[in-house]
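> Dropping the sequence and predicted coords here.
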Amino acid sequence: MRKQPVPVEVENYFDDLLPAARAVLYPVIDAVRDAMPPGYELGMHFGMPGWVIPLTRYPKTYNGQPLAYVSLAAQKNYHSLYLMGLYSNPARDAAFRAEWAATGRALNMGKSCLRFRSLADVDLDIIARTVAGTSVHDYLGEYERIKHPS
């Protein structure tokens with residue numbers, strides 16, 4: 001699988017971080033990029049690097065912005081990995097939480113936001129499997145189901 005190139009604006013985001021933050025976030029973004037299914041595009045969205053379904057593929061979003069799938073941000077006191085594919089699929093979310101609990105690591109997570117301070121706080125294999133587990137087609141199906149419940 002060919003790795004998606006990192007856009008200049010995403011590189012600039014990382015260049016502006018302190019070295020300690022880059023040391024934590026680079027392995028995470030690399031794991032996500034390596035696992036990302038085809039069709040999602042990496043860019044700067046909502047002030048942070050993230051993968052989205054471009055508007056050219058799906059223009060009917062609720063806010064006119066590309067549909068976000070995974071985003072990563074450096075915060076003041078922690079880092080955030082937004083896994084929107086979990087937010088939109090309760091069964092996948094429950095499986096993720098159960099798999100994470102089995103590692104013995106503490107899970108600091110809201111509805112989609114996995115918060116971590118160090119690389120030791122994250123399981124990159126679980127993150128990679130989670131990211132790889134939802135194709136663009138499936139994610140759009142979940143979005144449509146939520147947007148237009150029957």
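Yep, that arrived.

> Every contact and neighbour count from this point should use C-alpha atoms.
Will do.

> Report the distance from the helix or strand bottoming out on mean pLDDT in the chain to the chain centre.
Least confident helix or strand of the chain, by mean pLDDT, DSSP states H and E, is helix 8-15 with a mean of 88. When distances are taken as Cα atoms, centre = their mean, to the nearest Å, helix 8-15 is centred 17 Å away from the chain's centroid.

> ok, residues contacting stretch 78-90?
25, 68-74, 92-93, 96, 111-117, 131, 134, 139, 142-143, 146 (Cα atoms under 8 Å, 6 or more residues apart in numbering).

> meant to ask about stretch 100-116, not that
78-87, 97, 121-123, 126.

> Report the buried members of those residues.
79-87, 122, 126 (16 or more other Cα atoms under 10 Å).

> Adding distance to residue 16, secondary structure and pLDDT, write the residues you listed out as a markdown table.
Shown next, in a markdown table, are the buried ones among the contacts of stretch 100-116 (distance: Cα to Cα, whole Å; DSSP: H, G, I helix; E, B strand; the rest coil; pLDDT from 0 to 100):
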| residue | distance to residue 16 | secondary structure | pLDDT |
| --- | --- | --- | --- |
| 79 | 15 | strand | 96 |
| 80 | 17 | strand | 96 |
| 81 | 18 | strand | 97 |
| 82 | 20 | strand | 97 |
| 83 | 23 | strand | 97 |
| 84 | 25 | helix | 94 |
| 85 | 28 | helix | 91 |
| 86 | 29 | helix | 93 |
| 87 | 29 | helix | 89 |
| 122 | 23 | coil | 95 |
| 126 | 28 | helix | 97 |
